[in-house]
Structures are given as structure tokens and as C-alpha cells.
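[1] predicted model follows, preceded by the sequence.
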Amino acid sequence: MTMVTSPGPRAAWVLALAGFLFLSPLAAYAQTTSLADTPLEVQVWPGGEVGYTLFVVTGHIPEDAPLPATVRLPLPANAEVIWSGEILGGPLSEDPEREVTVVDASGGPALEMTAEATRTVQYEAIGPPLSVVDGMTTSVFIWTQSVPTGDVVFSVRIPASGETVEIDPMPVGSPRVNEAGERLYTLRPVVLPEGQSFTVTAAFGPRGAGTPAGGVPPVLVVLLGLLAVAVAALLVALARSRRSTT
């Protein structure tokens, strides 16, 4: 069940990151400002909440759209929204919170809010639980594009303790690293039609527990090693055969 909290103090985990659910019959029919031509950012944070995946969704209102503007952002199934509002670009404590409504958009559930002061809207939510197998902590984050937006840019935040990292789809470029040693991996932007789902799988663990992001799976390394030994043995046998016939 999707849950939305009423405005309150911003969660402590958001500070590290540098309402009561109501359904209005009028809100479902309110005219909204389209975000179809602006990018959408989705940051996935496995372990941001103990045992769970946190995620942050940021939308951008077109420059030619008048304020206040009512917008809709895709809302994954079973997400628990813990903060929603506008981003001023200064201290997080000054970002104004906004009430939200969950509506049924053409492609699935969406979060609706009205921006009054800025063109950047954001919500933060608790997503799927984590699983731990053989020392690897894994998050499977499923996103459904319930409303049209521009390119969707996914990123994954990995804690400093994650020496081995596996991310699918594969990130592009090198991760950004903050003072705490956390790494932010960015995926290639994707265009998602309404109703289409996109899955981001992220895993991390101690060194040697899995496959580093962009690296070669340990099993493949072993197979390549065995192949190299076999080729070397074949070359030696051929050399001996040539010597025996001369």
C-alpha cells in the first residue's frame, strides 16, 4: 500500500544527502503542467534506511510555465513518501514542504503537488527492502513511468563500506565520491513511455564478495584462467611434436 506522510521535519538521512494521505476529488481533475520536455532524476540509495532502499525523485518545471504550477511525478508501487516539496538550492532546512495527493495517472500511480516558489520539485521515499546473500547486500528497484517526462536519469548511491559493487544496468563513467567515501554511480539516461517499467539492481559487499562495477565476474576469471592453461599445454605439445619429427 502506498503511504504518504503529512509535512513534518525533514528526515535525518536527507541531511546526509547534500500529507497524511488524502484524496481530493477535485485534485484528480485539476489541470497539470506537463514535464514531458524536462529531465527527471531518480537517485536510488540502498541502505539509506536500515534494511531498505531510499530513493529521491526530482522534477523540473518548464521555464515558460507560470507559477504556481501543479505537476505529477511517477510513484513506484508500495513506496512510503517521507518528504515532498520544492528545492530552493540553499540549506535543506529552508526547502518548503508541499502537500501531495496520490492520483491514478494513465500509466499508474503518480504523486501530485503544486510548486509555488521554484521550478524544482522533489519527493523522498522508502522503497523496497534489501536482501543479503553471501555477504552481498542487494536492492531491486522497480520504476514505472506513470506520467510522461523527458529523459530519466537514474543514479545509485553506494556506502563507503561497499568495496565490491554490482549495478545493472551498467553505470557510465567514474563514480563521484563524497567526503564520507560514498560513491554515486550514474546510469545512461533512458526514455520511458508511459506505463513502461525499468529495473535498477544494485549490490555491494566486502572486497571479493562479487563482481566490481564494470569488472569481470569471478567465475569468468576462473574459466579464462583454465583456458589459458589449456592453450599453453597445447602449444607445448605442438612444440614437442615438431622437435620429435626433425
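    Structure's in. What do you need? Numbering: from 1, shown residues only.
[2] from now on I want contacts and neighbour counts done on CA atoms only, so please keep to that.
    Noted.
[3] shaky segments in this structure?
    In the predicted model of the chain, residues 1-30, 210-246 satisfy pLDDT under 70.
[4] redo that, cut-off 50
    Counting by pLDDT under 50, the chain contains low-confidence ranges at 1-9, 11-29, 214-246.
[5] secondary structure element for the spatially most central residue of it?
    If you average the C-alpha coordinates of the chain and look for the closest C-alpha using C-alpha atoms, centre = their mean, you land on V44, 3.0 Å from that point. Per DSSP states H and E, V44 falls inside strand 40-49.
[6] now do V57
    When elements are assigned from DSSP H and E, V57 belongs to strand 52-60.
[7] list the helices and strands that strand packs on?
    For strand 52-60, the helices and strands in contact under the criterion 3 or more C-alpha pairs under 8 Å, 6 or more residues apart in numbering; DSSP states H and E are strand 40-49, strand 120-129, strand 136-144.
[8] that one: partners in the sheet, and parallel or antiparallel?
    Its sheet considered, strand 52-60 pairs with strand 40-49 (antiparallel), strand 120-129 (antiparallel) by DSSP bridges.
[9] can you list the strands that the helix or strand just after that strand pairs with?
    Elements were assigned by DSSP H and E; along the chain past strand 52-60, the next helix or strand is strand 69-74. Strand 69-74 pairs in its sheet with strand 108-115 (antiparallel), by DSSP bridges.
[10] buried stuff in the strand it pairs with?
    Burial within strand 108-115, assessed by neighbour count using 16 or more other C-alpha atoms under 10 Å, is assigned to 108-115.
[11] looking at the residues you listed, which is nearest E94?
    E94 has its nearest neighbour among those in A115, at 14.7 Å by C-alpha to C-alpha.
[12] now that closest one: how far from E97?
    Taking C-alpha to C-alpha, to the nearest Å as the measure, A115 falls 10 Å from E97.
[13] check F154 too.
    With the distance defined as C-alpha to C-alpha, F154 ends up 24 Å from E97.
[14] just to revisit the earlier point, and the strands paired with strand 52-60 as a markdown table, adding distance to L73?
    Listed next are those as a markdown table, based on distance: least, C-alpha to C-alpha, whole Å:
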| stretch | distance to L73 |
| --- | --- |
| strand 40-49 | 9 |
| strand 120-129 | 9 |
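[15] V165: which of those strands is closest?
    Ranking those by their distance to V165 (criterion: C-alpha to C-alpha) puts strand 40-49 first, at 11.7 Å.
[16] flag every buried residue along the closest one.
    Neighbour-count burial for strand 40-49, with 16+ other C-alpha under 10 Å as criterion, is recorded at 40-49.
[17] check stretch 175-195 too.
    Buried residues in stretch 175-195, defined by neighbour count with 16+ other C-alpha under 10 Å: 175, 182-187, 189, 192, 194-195.
[18] in contact with Y185, which residues?
    Applying C-alpha atoms under 8 Å, 6 or more residues apart in numbering to Y185 gives the contacts 155-158, 171-172, 174-176.
[19] of those, which pair is most distant in space?
    Using C-alpha to C-alpha, those reach their maximum pairwise distance at I158 and V172, which is 15.0 Å.
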